[in-house]
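**Student:** quick check, what structure comes out for this input:
(chains A and B)
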2 protein chains.
Amino acid sequence: MVSEQKKELVAALLAELPEGRVVAPDEQSALLTDWRGRYQGDAIAVVFPRTTAEVAAVVAWCRAHQVTITPQGGNTGLCGGATPLGGERPRLLLNLQRLDRIRSLDPLGGFLVAEAGVTVAALQAAAAEANRLFALSLASEGSATLGGVLSTNAGGVHVVRYGTMRAQVLGVEAVLADGSVVANLSGLRKDNTGYDWRDLLIGAEGTLGIITAAAVRLFPRPRWQQTVWVALADLDAAAALFVALHETFGDKLTAFELMGRTVFELVLRHIPDARAPWQAEGVPEWAALVELSDTAPASGLDALTESFWGETFANGWVRDAAVALSEQQRVRFWQLRESASEAQQREGVSIKHDIALPLAQIVPFIRAGEAHLPARFPGVRIACFGHFGDGNLHYNCFLPSGLDRADRAAAAAEVTRWIHDEVVRRGGSFSAEHGIGLLKVKEMARYKSDAELALMRRIKAALDPDGLFNPGKVLPEVG
Amino acid sequence: MVSEQKKELVAALLAELPEGRVVAPDEQSALLTDWRGRYQGDAIAVVFPRTTAEVAAVVAWCRAHQVTITPQGGNTGLCGGATPLGGERPRLLLNLQRLDRIRSLDPLGGFLVAEAGVTVAALQAAAAEANRLFALSLASEGSATLGGVLSTNAGGVHVVRYGTMRAQVLGVEAVLADGSVVANLSGLRKDNTGYDWRDLLIGAEGTLGIITAAAVRLFPRPRWQQTVWVALADLDAAAALFVALHETFGDKLTAFELMGRTVFELVLRHIPDARAPWQAEGVPEWAALVELSDTAPASGLDALTESFWGETFANGWVRDAAVALSEQQRVRFWQLRESASEAQQREGVSIKHDIALPLAQIVPFIRAGEAHLPARFPGVRIACFGHFGDGNLHYNCFLPSGLDRADRAAAAAEVTRWIHDEVVRRGGSFSAEHGIGLLKVKEMARYKSDAELALMRRIKAALDPDGLFNPGKVLPEVG
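**Tutor:** Here you go, the predicted model:
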């Protein structure tokens, strides 16, 4: 598009909105690139609306001028879903960070209503102040926004107990492609009046509508917690321990995170002040971070956990177990886990996979990878960690050094192909919690059935007939 | 339609399916009428498919012949959603009761896969046998089927802890209008690969596709439970007690059912062997059935509950509290609650409302009804009971006797109008858990915004362009 046309469009948009909303892209260039630095987008302007009405005005304007819209929150997505890239029409980057009010908080009703730009950390803090829990917790929580975690249906470390974002939402407010606003923010637990468009918008990565606010659930705060770093005897012990914990403690099991040795050692190497939690020297092949929580301060649990852990030593599943003895130590324990991505980032480039498996398939899959990948690519390092309790592994591979650029690219493609084929064959998913964005559009074409893709395309055409919302994301082109 | 045409259609359908699937409507006339006897449907045939492939064949055949389809499970719906009535084309009643296999049960993965025709009671039994909990529980569980409770997003008595059916489903298999089958039954807890068509089909009452199977969650079984019938001091005490229970016991509160005196007295009058649970004479103005559950057999809870109930006596909220001392007594306690609908049925015709309110609005709404309705209609009896813990009341009215037919109809319309207006004005819903069916289509037109109705119509047109699935249900005609 010639720059004269662009200027005219931007001038027309400026006239549509209050001052300070429209910014030139070169003033906000960081927002045009995704967090991992994989995709470089471009846009005629970056718009920062401050109200839902302003979002609706932008959408109506875009429809009239056939300008496409990529919505963005904290720009912490891992699949390029918030980068303006795709389609051939001029693009707008719609950053929702200034839609940042918590509109209401009802501790008795157990929910708050917040706008799309409020960060996850701010939601956690607001809930805590009211003696409640906003249950989502993930490494990017300081920057990730409500709109972003809804649009990607984010998971995090407590899904085993509280579910993904979808399970934590009571209603949303959204701007549709025709500029209309739909909303259900009164915090009802039950409402069976027609089709569930709410869950259609959640996880759609901004391709079906723009979420501007949501009513999210608040849970009772745990008043008893035990956080334990467990050095496991082996991988089978991970599965056995998870099952035993679930049998014994039921929904008191609020986290069960697995971490392989490669990841643990990278954390100890790259993260300042990180220390292994166990007395004994060395890092085990497999470790688990276990958190048990109870909303009642029931003293019976201390005795129950003591005898439970004693048994796991006796039957040989557990080599060592470090229990956090203070809140400070609990935070340090979690930092070891939360630093896993950053430590890998510092180590260098890895091929990342965000996979989910049926519980019974986790161990067989990991064993299959251990057998196949190092044999096919000698020197490959597998960094495996993640949310064992809900079947979600982050399964990253560092390729051996010494490959040239073309060989690396070919090897990376083959590794990903093997992993995703293997996962889908076992009933798993090639995107557990990060979404599709730009990164996994090709996988959609490969692994989704024709019937399912056709259904998704019918939904897209119904909600966004002009293809204004986030073109190029989620759905592969027909053909 | 002339009967010759009908005969030809049925003959063609017979040729399409194995023997025994197609039955003449007069042989299954009970299935053509809804449970409450409000709607009389008719169909050219009743079809009982036994496999998903047979359902797909029926749908393809119906599309080719422009015959519409009303899916049906146990025919226990309260809004006429499963009665073949609506539209002008010939209709088929598709009863899914013989799609009745439990395909698999994975106690470790925490889910089972069952077909649409399996009853809720059968699911509960299968889960219990594997030492797990299928959490849905409702009065019609002996007949209601999985397909039915999914298509209405049923609630029941444990929503306060486990959510509605939507929250208990990991994936569904469904036949779409083009005869294709989409499925995700591998029991994944996390899967962010594209649009959430699953939740679109759930709660759609068979108007968007036909659910043929589902993967549903199993929970750890409670190993400690306390079930208490509480005689409350007054209505405010109900709200105060709920909040205190939630604060103290968090997610151990698995039921909080409210029952007004009118309902309790009808149960005692009409249900054989029903007895008030308290020592003292008489039934209180308001009573609550409270259930606390824990998945660990933590002995600390007995002491905690004892001191808790002691305090509620001391501060005047509770007049009397009867604790179930055996499993047998627990069952009897629940029967008092579960008989509420049957007792009202035996008393005579009432005007029924299935409403939800934000928690803070429940008491004000009940007070408003107590002030307005008896003043406007002297002699009206309000039968109010329901799932206080999730904001869902069944708010039924017995009109005074002595009105003639026309006056009754006018009064009933006015009562419903007043109640629904009042509920929606307070941020509530006119259908909390029973769905829309035929009964509440007019309410959709009155209370839903134009934007929301337009969105739902776009979804309907996208998934069912020929309008084959359950015409006349859920969505009002345009105009």
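**Student:** residues of the stretch 51-200 of chain A that sit close to chain B?
**Tutor:** A:106, A:108-110, A:152-153, A:155, A:159-160, A:163-164, A:166-167, A:176, A:178, A:180-182, A:186-197, A:199-200 (Cβ under 8 Å from any Cβ of the partner chain). Every C-beta, even on glycine, is put in place using the N, C-alpha and C of the backbone.
**Student:** from those, which ones fall inside helices?
**Tutor:** Those of these mapping onto helices are A:159-160, A:197, A:199-200, per DSSP state H.
**Student:** of the residues you listed, grab the buried ones for ChimeraX.
**Tutor:** Command for ChimeraX, covering only those of these found buried under the criterion 16 or more other Cβ atoms under 10 Å in any protein chain shown:
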select /A:159,160,197,199,200
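**Student:** tell me which two in the ones in helices among the residues of the stretch 51-200 of chain A next to chain B are the farthest apart.
**Tutor:** Spanning the widest gap among these are A:160 and A:197, at 28.1 Å by Cβ to Cβ.
**Student:** which residues of the stretch 201-350 of chain A lie near chain B?
**Tutor:** The stretch 201-350 of chain A comes close to chain B at residues A:202-204, A:208, A:219-220, A:222, A:243, A:246-252, A:294-296, A:298-301, A:304, as judged by Cβ under 8 Å from any Cβ.
**Student:** among those residues, name the buried ones.
**Tutor:** Among these, those classed as buried by 16+ other Cβ under 10 Å are A:202-204, A:208, A:219-220, A:222, A:246, A:248-252, A:294-296, A:298, A:300-301, A:304.
**Student:** residue of the stretch 101-250 of chain A closest to chain B, please.
**Tutor:** Nearest residue of the stretch 101-250 of chain A to chain B: residue A:250, at 2.4 Å (Cβ to the nearest Cβ).
**Student:** where does the stretch 151-300 of chain A dip in pLDDT?
**Tutor:** The stretch 151-300 of chain A contains residues with pLDDT under 70 at A:298-299.
**Student:** helices of that one, residue ranges please.
**Tutor:** Along the stretch 151-300 of chain A, the segments classed as helices by DSSP state H, counting those that start in this stretch run A:159-162, A:197-201, A:235-249, A:261-270, A:300-314.
**Student:** ok so, going back, of the residues of the stretch 51-200 of chain A next to chain B, just the buried ones, ChimeraX syntax please.
**Tutor:** Here is the ChimeraX selection string for the buried members of these, based on 16+ other Cβ under 10 Å:
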select /A:106,108,109,110,152,153,155,159,160,163,164,166,176,178,180,181,182,186,187,188,189,190,191,192,193,194,195,196,197,199,200
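**Student:** can you pull the contacts of the nearest residue to residue A:450 once chain neighbours are set aside?
**Tutor:** Once flanking residues are discounted, residue A:450 sits nearest to residue B:180: 7.8 Å by Cβ to Cβ, 6 or more residues apart in numbering or on different chains. Residues near residue B:180 by Cβ atoms under 8 Å, 6 or more residues apart in numbering or on different chains: A:450-451, A:454-455, B:56.
**Student:** helix/strand/coil for residue A:113?
**Tutor:** strand (DSSP: H, G, I helix; E, B strand; the rest coil).
**Student:** wouldn't it be in contact with residue A:214 here?
**Tutor:** Yes: shown here, residue A:113 and residue A:214 form a contact pair, counting by Cβ atoms under 8 Å, at 7.3 Å.
**Student:** what's the spacing between residue A:411 and residue A:325?
**Tutor:** 45 Å (Cβ to Cβ, to the nearest Å).
**Student:** show me how chain A divides into domains.
**Tutor:** Here the domain parsing of chain A from automatic domain parsing is A:1-221+A:449-479, A:224-342, A:349-425.
**Student:** re the thing from before, what sits against the residue of the stretch 101-250 of chain A closest to chain B?
**Tutor:** B:219-220, B:222, B:294-296.
**Student:** doesn't residue A:63 fall inside a helix?
**Tutor:** Yes: residue state for residue A:63 (three-state DSSP) corresponds to a helix.
**Student:** just the pLDDT for it.
**Tutor:** Residue A:63 carries a pLDDT value of 97.
**Student:** list the buried residues of the helix ranked longest in chain A.
**Tutor:** In chain A, taking DSSP H as the definition, the longest helix is helix A:405-425. By 16+ other Cβ under 10 Å, the buried positions in helix A:405-425 come out as A:408, A:411-412, A:415-416, A:418-420, A:422-424.
**Student:** how about stretch A:19-32?
**Tutor:** Residues A:21-22, A:25, A:31-32 are the ones in stretch A:19-32 that count as buried (16+ other Cβ under 10 Å).
**Student:** inside helices: which ones of the residues you listed?
**Tutor:** Counting by DSSP H, no part of those is found in helices.
**Student:** nearest to residue A:119, of these?
**Tutor:** Using Cβ to Cβ, the buried residues of stretch A:19-32 come closest to residue A:119 at residue A:31, 15.5 Å.
**Student:** nearest to residue A:68, out of the helices of the stretch 151-300 of chain A?
**Tutor:** Of all the helices of the stretch 151-300 of chain A, helix A:197-201 sits nearest to residue A:68, with 17.7 Å by Cβ to Cβ.
**Student:** any idea how far that closest one is from the chain center?
**Tutor:** 18 Å (Cα atoms, centre = their mean, to the nearest Å).
**Student:** again, but for stretch A:207-217
**Tutor:** On Cα atoms, centre = their mean, the centre of stretch A:207-217 falls 16 Å from that of its chain.
**Student:** find the residue closest to the residue positioned nearest the centre of chain A in space, skipping its chain neighbours.
**Tutor:** Geometric centre of chain A, nearest residue: residue A:154, 3.7 Å, by Cα atoms, centre = their mean. In space, and not counting its chain neighbours, residue A:154 is closest to residue A:165: 5.1 Å by Cβ to Cβ, 6+ apart.
**Student:** count of residues packed around that neighbour?
**Tutor:** Look at residue A:165: counted by other Cβ atoms under 10 Å in any protein chain shown, it has 27 neighbours.
**Student:** same check, this time on residue A:347
**Tutor:** Quick note: residue A:347 (other Cβ under 10 Å) scores 18 neighbours.
**Student:** now do the one helix or strand residue A:337 maps to against helix A:261-270, angle only.
**Tutor:** Using DSSP states H and E, residue A:337 falls within helix A:327-338. Per axes from the mean of the first three to the mean of the last three Cα atoms, to 10 degrees, the angle that helix A:327-338 makes with helix A:261-270 is 120 degrees.
**Student:** need the CA coordinates for helix A:327-338. PDB is fine.
**Tutor:** This file holds the C-alpha atoms of helix A:327-338, laid out as PDB (Å, rounded to 0.1, in the frame of the first residue of the first chain):
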ATOM      1  CA  GLU A 327       6.200 -18.500  52.700                       C
ATOM      2  CA  GLN A 328       9.600 -17.200  51.600                       C
ATOM      3  CA  GLN A 329      10.800 -20.700  50.900                       C
ATOM      4  CA  ARG A 330       7.600 -21.500  49.100                       C
ATOM      5  CA  VAL A 331       8.100 -18.600  46.800                       C
ATOM      6  CA  ARG A 332      11.700 -19.700  46.100                       C
ATOM      7  CA  PHE A 333      10.500 -23.300  45.400                       C
ATOM      8  CA  TRP A 334       8.100 -21.900  42.800                       C
ATOM      9  CA  GLN A 335      10.700 -19.600  41.300                       C
ATOM     10  CA  LEU A 336      12.800 -22.700  40.400                       C
ATOM     11  CA  ARG A 337       9.800 -23.900  38.400                       C
ATOM     12  CA  GLU A 338       8.700 -20.600  37.000                       C
END
